[in-house]
Structure formats: structure tokens, C-alpha cells
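Engineer: sequence plus the predicted model coming up.
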Amino acid sequence: MVRHLEPVSARPGGGPTGSGPVRTCVGCRTRAADAELLRVVLVDGDAIPDPRRRMPGRGAWLHPDPGCLAKAEKRRAFPRAFKVQGPVCVEGLRSLVERAAGDVGTGSSRAVEKDRKQVDPS
Ligand SMILES: [Zn+2]
């Protein structure tokens, strides 16, 4: 019998999907992998989406779903998540979420590169 000693390959950063950190949606309060949720940050009183998760500061997590956004608004989850007193404007976030909901099949289909090289065969 040969034992296969598979080396534990170090995966710096990008692990496989499914084993990432788990967040809670501020709308429906369901826990989900952070890959399924949209990070939202507060900038000057506006809740704005942070798809790249690069923005500094406190973030809230929301399903990119108008229903979850409506629930979050109704229970004032955003001011609570951001620990602010005043209202949080979600108009920019709403338009993005509604667009995402209407966009069936969000594939990364912008790989159409028009990189024509002017090579003259003659
Ligand atoms: Zn949700």
C-alpha cells in the first residue's frame, strides 16, 4: 500500500468558493457566504455598493435583492449597521440592486476585446 502524502497546498487569499467567511444579510438576516452578499459602505450619508470590498470603514452586507433592501430599509438596518444616527440614503444602492435583479444571468461577458493589430500580411 502506498500512502499518498499530498502536500497541503497553501492558497494565499483566494480559496475555493464555499469556504469563505460567512456574513449576515442586513435585510433578511440570513447568513450566507460573503461571495453571495454585496458589501455596502457609508460615504457621506450614502450607502454605496462596494463590489470589490476595498473601501475602508464599516461595511454592511446585503443580498443583491430588492426585497432584502426593502427589509433593511424598513427596519433601519443601515444606520444600525453603520452606527450612525441620521438617515442613510440608499438610492444609489437601490438602482444597482434593481438592475442586478432584472439582469438574468450575470455573466462576466465583457471579455470582448477589440484588440486589433494592424498587421499587413503582404
Ligand atoms: Zn437577504
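Structural biologist: Thanks, I have the structure now. Numbers count the residues shown, from 1 in each chain.

Engineer: ok now the lengthiest strand in the chain, how far from the chain's centre?
Structural biologist: Assignment by DSSP state E gives strand 38-43 as the longest strand of the chain. Centroid separation for strand 38-43 versus its chain: 9 Å, with Cα atoms, centre = their mean, to the nearest Å.

Engineer: equivalent analysis for stretch 89-107, please.
Structural biologist: Put simply, stretch 89-107 sits 11 Å off its chain's centre (Cα atoms, centre = their mean).

Engineer: ok, that stretch near the ion or not?
Structural biologist: No. Using Cβ under 5 Å from the ion, stretch 89-107 never reaches the ion; the gap is at least 10.5 Å. The way it works is simple: take the backbone N, C-alpha and C, and place the C-beta from them, glycine included.

Engineer: list the contacts of that stretch.
Structural biologist: 38, 40, 45-49, 62, 64-66, 68-69, 72-73, 78 (Cβ atoms under 8 Å, 6 or more residues apart in numbering).

Engineer: what's the answer for stretch 49-58, then?
Structural biologist: 38-43, 48, 59, 81-83, 92-93, 96.
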